[in-house]
Each structure stands twice: as C-alpha cells, then as structure tokens.
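Asks: Mind folding the following:
(2 chains)
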Amino acid sequence: SQQGEEDPQALSIQEGENATMNCSYKTSINNLQWYRQNSGRGLVHLILIRSNEREKHSGRLRVTLDTSKKSSSLLITASRAADTASYFCATGLNTGGFKTIFGAGTRLFVKA
Amino acid sequence: EAQVTQNPRYLITVTGKKLTVTCSQNMNHEYMSWYRQDPGLGLRQIYYSMNVEVTDKGDVPEGYKVSRKEKRNFPLILESPSPNQTSLYFCASRVYGLEDNEQFFGPGTRLTVL
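Replies: Now for the predicted structure:
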C-alpha cells in the first residue's frame, strides 16, 4: 500500500517562481526524504528530515514536516528550467527492517 | 567514484524465460533494495537486504527472488517472468541504520516481458 501521496500530481510554473509540493503519509515514521528523478533515470536524494525536526533547508530547498498532520512540504524557491523533474517523498519506517515507502510523485515543469 | 551499477540496462524477453538483473555497489553499504516503478504508482519496494544473507520482502515480492551472498551484490531473479513484470527496475543501497536513510540509486533496468 502506498504510504506517501504527493500533491499535486503535476505542476507547471514559470522560471523564477516558487514551487511547492506536498506529501501525506499514513503511519509513524523515523524520517522523510525527498528525491528527484529526471525522466526515466535513477532517483537522486535531495534532503532528509527526521521525525523530531520541523523544518530543514538546503540551498533553494525548504522542507517542512508536521507529524501531527502526517504531512510534509517541499518548497523550491526561484525555480529554474533545470528543476524540471519528478519529485518523490519517501518515508523511512522502523518495521524491524527499515522499509522505505515512496509516493507516486509530483511532476514539475518549469517553463523558461 | 561511489556508485550503484545495474546490468543489463535494457532487456526484452519472453514469458517464462528465467532472467537475472545484477546490482552492485562500491560504497560498502549494508542495506540494499530493489524497486519497480510503474506509471502513476511511484516506486514500490520488491525486496530488501539488511546485510549478507539477510533479506526480507517489500510490498510487491511475488514473482521475484533475491540473494545476498556478498555485501556488494544483490541480484534480482525472475524465475518465470510474466508480462505484468514489465517495468522499470531500480536497485538502491544505503548505510544500515535508523538515521541514515539516504539511498543511492542505480541507473535503472527497463524490462519488457512479451
């Protein structure tokens, strides 16, 4: 069963604008990660936020985590055409084996 | 260069013909995992391994086998492939631990089963 669900499924913005993607999950987590995937290629890790953290920054990325609402958001500021990709949230679960559950992703298109 | 490699990158086969997709990592990671990616479904975990000789099922293990005889290798075996296993497959590895969950992904293997 899917743990993470991203919203929106697709997002189209102009270069320079901010892009916000949301992720909701269902069970308790140890951490939540965001990954980027360029068309059909391997995923690249962007940022990890632990369950006891509320906000984290990395360059133009800002991630928030609300464990009471079981949700996270990824904000990309001053977007560039090179940010065009699919973005996935993934939750790290302590099930005795440390499963990782991915959402279906948000497809971001940044127009130059 | 730290990396996860997969072979083959592309494979077209027929129903029932056994195949193996290899995965190798050079980062001395304990944890390795296989995922399949299908349109609209994101990545779904097939199997994972926490260390040599320790494997466990993910969310969609049916029709797949794995083995972990060496730390660096984690092959995915399809004993009798079927068309519903046509998908894009990714291998990933990471350090084993509660806090270090950043995964490093291979380039993917696109499998078509006719």
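Asks: so who does B:W34 touch?
Replies: B:23, B:45-48, B:58, B:64, B:66, B:74, B:76, B:89-92 (CB atoms under 8 Å, 6 or more residues apart in numbering or on different chains). All C-beta atoms are positioned from the backbone trio N, CA, C, and that covers glycine.
Asks: Now intersect those residues with the strands, please.
Replies: B:C23, B:Q45, B:I46, B:Y47, B:Y48, B:V66, B:L76, B:Y89, B:F90, B:C91, B:A92 (DSSP state E).
Asks: Can you report how many residues lie near the residue lying closest to the last one once chain neighbours are set aside?
Replies: Spelled out, it's B:A92. Closest residue in space to B:A92, ignoring its immediate chain neighbours: B:Q103 at 4.2 Å, by CB to CB, 6 or more residues apart in numbering or on different chains. Neighbour count of B:Q103, defined by other CB atoms under 10 Å in any protein chain shown: 26.
Asks: who's in contact with B:Q103?
Replies: Residues near B:Q103 by CB under 8 Å, 6+ apart: A:Q33, A:Y35, A:L43, A:H45, A:A90, A:T100, B:S33, B:A92, B:S93, B:R94.
Asks: Could you do B:T109 as well?
Replies: By CB under 8 Å, 6+ apart, the neighbours of B:T109 are B:Q6, B:N7, B:P8, B:R9, B:Y10, B:L11, B:V21, B:L88, B:Y89, B:F90.
Asks: Could you give me the ChimeraX syntax to select whichever of those residues are buried?
Replies: Buried residues within these, by 16 or more other CB atoms under 10 Å in any protein chain shown, are selected in ChimeraX with:
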select /B:6,11,21,88,89,90
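Asks: with the contacts of B:T109 in mind, which one is nearest to A:K70?
Replies: Of all the contacts of B:T109, B:F90 has the smallest distance to A:K70: 25.6 Å, by CB to CB.
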